[in-house]
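Visitor: how would this look folded up:
(one chain, ligands or ions: 2)
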Amino acid sequence: MSKLFRAVIMGPPGSGKGTISERIAHSFGLKHISSGDFVRENISANTEAGVLAKTYIKKGLLVPDHVMTRLLLPRLEEMTKYSWLLDGFPRTLAQADALNSICDLDVVINLNIPLETLKERLRHRWTHPSSGRVYNMYFNPPRIQGLDDITGEQLIQQEDDRPEALVARLRHYKDIAKPVIDLYKAKSILYTFSDTETDRIWPNISTLLSTKIPIGQSDARCASTH
Ligand SMILES: Nc1ncnc2c1ncn2[C@H]1C[C@H](O)[C@@H](COP(=O)(O)OP(=O)(O)OP(=O)(O)O)O1
Ligand SMILES: Nc1nc2c(ncn2[C@@H]2O[C@H](COP(=O)(O)OP(=O)(O)O)[C@@H](O)[C@H]2O)c(=O)[nH]1
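Guide: Ligands and ions are numbered 1, 2, ... in the order given. Take a look at the predicted model:
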C-alpha cells in the first residue's frame, strides 16, 4: 500500500484554516478533521470529555491539553487507513509532542495573514453554532441572509470574533503557536503562506500538495467528514 499523507494546517483565528481545509479535502480527497467541530460534536453528544471541554469553552479558554489529546488521538488512531488534514490541532507544544508520538507529519501549512485582514474578516464572520460552518457577508455569504445553507437555522456572530476580543486572542495565539511553529520548522515540514486573500494563497497550496501527495491518494470519496 502506498504511504498515506498526514498534514496539519495552522494559523491565527480568521486566517482561513476552515475555508482552505474544505478546499483541500475537496480537491485532494483528504479527510478533514477540525478539532473545533470535534469538540462541538462531543459537547452535543454529552460525552465525558465534551462535558469537561464545555466548562472551559464557556469561560473563553482553550480546552486543556490532556482533554484535547484524549479526545483527538483515539480518533486519529481510527483513521490509519486514510490520508488526513488536521485543522485546529495541535495548538500547543504539548499537543504537538502528543501527535508526534503517534504519527509522522508530511506537511504543516502555516497561514500568515495581516492583523487588519483578520479583524475585517472576523467582523463579517457568521457561524452556524451546531456545525461550525462559517460564512462571510462578502466572501462566501449564505444563500439566505442570516440562515445556514444546509439546515436553514439561524447564524450567529461569535462574541470572541469582535475586533476588541481579537487582539487578545491573537496575542495568545502567537505565544502558544511559536514553539509549535519552531518545532515544525526544525523538522523542515513547515510551509508558510502570506497574503490577504485566500484565493491568492490557494493556488500555491494546491501546487505544493500536488507535489507531495502520492499518486493514487486523491480520492474524492474520502472527502470532508462534515
Ligand atoms: N487544539 C485545541 N486545544 C485546545 N482547545 C481547543 C483546540 N481545538 C479546539 N479547541 C476548543 C477551544 C475553542 O475555542 C473551541 C472551538 O474551536 P475552533 O472551532 O477551532 O474555534 P476558534 O474560535 O478557537 O478558532 P478559529 O477562530 O481559529 O476558527 O474548541
Ligand atoms: N474577505 C475574505 N474573507 C475570507 C477569505 N478567506 C476566508 N474568509 C472568511 O474569513 C472568515 C475566517 O475564515 P475561516 O476559514 O473561518 O478561518 P479560521 O478561523 O482560520 O478557520 C470566514 O468568515 C471566511 O468566510 C478571503 O480571502 N477574503
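Visitor: I'd say I181 and I189 touch.
Guide: No. At 11.1 Å, I181 does not count as touching I189 under the criterion of C-beta atoms under 8 Å. C-beta coordinates here come from the backbone N, C-alpha and C atoms, glycine included.
Visitor: can you pull the pLDDT of the spatially most central residue of the chain?
Guide: For the chain, the residue nearest the mean C-alpha position is D87 (2.5 Å; C-alpha atoms, centre = their mean). For D87, the pLDDT comes out at 97.
Visitor: Grab the nearest non-local neighbour of S27.
Guide: S206 (6.5 Å; C-beta to C-beta, 6 or more residues apart in numbering).
Visitor: ok, for P141, nearest residue in space, not its chain neighbours?
Guide: Y135 (6.0 Å).
Visitor: Show me what that neighbour bridges to in the sheet.
Guide: In this entry, Y135 is beta-bridged to W126, by DSSP bridges.
Visitor: ok, it to G14 distance?
Guide: 13 Å (C-beta to C-beta, to the nearest Å).
Visitor: doesn't A98 make contact with F89?
Guide: No. Contact criterion C-beta under 8 Å: F89 and A98 do not qualify, at 9.4 Å.
Visitor: Show me which of those two is the more surrounded one.
Guide: Counted by other C-beta atoms under 10 Å, F89 and A98 do not tie: F89 has more neighbours, with 26 against 19.
Visitor: can you pull out the helices in the protein?
Guide: 17-28, 35-44, 48-58, 65-77, 93-100, 115-123, 163-186, 198-212 (DSSP state H).
Visitor: Including mean pLDDT, could the ones you listed go into CSV?
Guide: Shown next, in CSV, are the helices of the chain (pLDDT from 0 to 100):
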stretch, mean pLDDT
helix 17-28, 95
helix 35-44, 89
helix 48-58, 89
helix 65-77, 92
helix 93-100, 97
helix 115-123, 90
helix 163-186, 91
helix 198-212, 97
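Visitor: For G152, find the nearest of those.
Guide: Across these, G152 has its closest neighbour in helix 35-44 (18.2 Å, C-beta to C-beta).
Visitor: is that closest one anywhere near ligand 1?
Guide: Yes. On the criterion C-beta under 6 Å from any ligand atom, helix 35-44 is in touch with ligand 1 at S35, G36, V39.
Visitor: Can you turn the buried subset of the residues you listed into a selection I can paste into PyMOL?
Guide: In PyMOL syntax, the buried subset of the residues of helix 35-44 next to ligand 1 is picked out as below (16 or more other C-beta atoms under 10 Å):
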select buried, resi 35+39
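Visitor: Reformat the residues of helix 35-44 next to ligand 1 as CSV; add distance to ligand 2.
Guide: Shown next, in CSV, are the residues of helix 35-44 next to ligand 1 (distance: C-beta to the nearest ligand atom, whole Å):
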residue, distance to ligand 2
S35, 11
G36, 8
V39, 14
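Visitor: Fine by me, thanks again.
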